[in-house]
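Sequence and computational prediction follow.
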Amino acid sequence: MGANIYRNKKPALVFLVPAFLFMAVYLYYPFFKNILNSFMEIKQLGSSGTGFNTPWYHNYREMLHDEYVWVSIKNTLLMMAVTLAGQVGIAIALALMVDNIGRGKQFFKTVFFFPIVISATALGLLFNLLFLYDKGMINQVLEALGRKELIDWKAEGIALLTMMLPVMWQYVGFYFVILVTGLNNISDELYEAAKIDGATAMQRIRYISLPLLHNVICTCSVLAVTGALKVFDLPWTMFPKGMPLKSTFLTGTYMYYHTMETKNVDYGSALAVLIVVLGIVLSKVVNTVFREKDY
């Protein structure tokens with residue numbers, strides 16, 4: 001009797017159609033409109049195109065010769081590697097350590113997750129103060145420890161590292177909470193049986209925790225790689241306009257730079273299409289590499 005309520009599909013349509021219309025208006029239409037805009041000549045945000053570019057693929061040809069497009073792609077790929085190794089890697093280590101302590105688990109969960117709650121823009125301003133050349137907290141600490149020569153954290157060679165450290169730090173707690181939840185779903189009986197058989201703590205982690213966390217780690221890895229494509233607010237706050245010398249541009253910040261700063265809207269639309277294509281390709285690659293297993 002209870003299963004019969006699912007045979008009538010009309011009530012479901014009442015809820016599905018408005019949601020689909022909302023997505024069509026605010027997601028699919030802007031997406032396809034943006035693709036069209038990338039072939040047109042638009043020099044003012046909010047204005048209509050004056051016609052198609054000559055040739056119509058001008059923006060995409062321009063991207064091939066734009067050195068900063070390649071700089072932004074390289075930096076974004078590097079950001080993905082840092083995200084995987086830093087965010088997910090550190091989160092796995094923290095989750096395993098917290099799972100093996102007797103008391104204080106809730107305290108560490110709250111502390112590690114706290115950076116996610118803070119606005120990325122506020123974090124950018126905070127780290128700008130930390131990395132100041134003159135009177136910045138980090139340089140003050142180094143000076144107190146006896147270092148005479150201060151470090152310019154926003155210089156050409158080190159700027160990219162300075163930008164990536166806060167991004168990595170901010171999202172460690174997000175993956176930490178997901179991994180801790182996965183560890184909580186592993187039966188205690190498996191650990192107790194391993195203890196009886198004489199397995200050490202490291203052996204229990206290697207042969208029980210990590211294999212049973214495989215699918216959770218895969219999910220976190222996919223989220224980390226695709227999320228690196230969308231990083232914008234914290235890097236832009238710390239290094240607006242790709243400073244210094246446009247060497248810290250990511251794909252998202254470079255698109256914003258052309259759309260909002262140079263008012264080259266059609267080129268910004270083409271860069272947005274590039275980001276979508278990169279997202280689709282990289283998602284496919286990551287899903288293939290980090291394939292989930294059936295247990």
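Right, received. Where do you want to start?

CA atoms of stretch 63-73 as CSV?
Extracted in CSV, the C-alpha atoms of stretch 63-73 (Å, rounded to 0.1, in the frame of the first residue of the first chain):
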residue,chain,number,x,y,z
MET,A,63,44.1,33.1,-26.0
LEU,A,64,46.6,30.9,-27.7
HIS,A,65,49.0,33.9,-28.0
ASP,A,66,48.3,35.4,-24.5
GLU,A,67,51.2,34.5,-22.3
TYR,A,68,49.2,35.2,-19.1
VAL,A,69,46.5,32.6,-20.1
TRP,A,70,49.3,30.0,-19.9
VAL,A,71,50.6,31.5,-16.7
SER,A,72,47.1,31.3,-15.1
ILE,A,73,46.6,27.7,-16.3
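
and that stretch, what's its mean pLDDT?
For stretch 63-73, mean pLDDT is 92.

go on, stretch 35-45?
Average pLDDT, stretch 35-45: 86.

What's the end-to-end length of that stretch?
15 Å (Cα to Cα, to the nearest Å).

in that stretch, what's buried?
37-42 (16 or more other Cβ atoms under 10 Å). All C-beta atoms are positioned from the backbone trio N, CA, C, and that covers glycine.

Next, format these as CSV and append distance to Pro55 and secondary structure.
Below are those laid out as CSV (distance: Cβ to Cβ, whole Å; DSSP: H, G, I helix; E, B strand; the rest coil):
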residue, distance to Pro55, secondary structure
Asn37, 16, helix
Ser38, 13, coil
Phe39, 9, coil
Met40, 12, strand
Glu41, 12, coil
Ile42, 16, coil
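
Pick the one among these closest to Gly252.
Set against Gly252, the nearest of the buried residues of stretch 35-45 by Cβ to Cβ is Ser38 (16.2 Å).

still on that earlier bit, I'd like the buried residues of stretch 35-45 as CSV, with distance to Val177 appended.
What follows is these, written out as CSV (distance: Cβ to Cβ, whole Å):
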residue, distance to Val177
Asn37, 39
Ser38, 38
Phe39, 43
Met40, 44
Glu41, 47
Ile42, 42
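
Out of the residues you listed, flag the one nearest to Val98.
Taking the buried residues of stretch 35-45 together and measuring to Val98 by Cβ to Cβ, the closest member is Ser38, at 46.5 Å.

Can you tell me how far that closest one is from Leu282?
Counting by Cβ to Cβ, to the nearest Å, the gap between Ser38 and Leu282 amounts to 20 Å.

now do Val111
If you measure Val111 against Leu282 using Cβ to Cβ, the figure is 32 Å.

Which one of the two is surrounded by more residues?
Leu282 (18 against 12; other Cβ atoms under 10 Å).

On the secondary structure side, give me the element for the residue nearest to that one when sequence neighbours are not counted.
Residue nearest to Leu282 in three dimensions, not counting chain neighbours: Val225, with 5.9 Å by Cβ to Cβ, 6 or more residues apart in numbering. Assigned by DSSP states H and E, Val225 belongs to helix 214-229.

swap in Val277?
helix 265-289.

which regions of the stretch 1-150 of the chain sit below the pLDDT cut-off?
Scanning the stretch 1-150 of the chain for pLDDT under 70 picks out the ranges 1-8.
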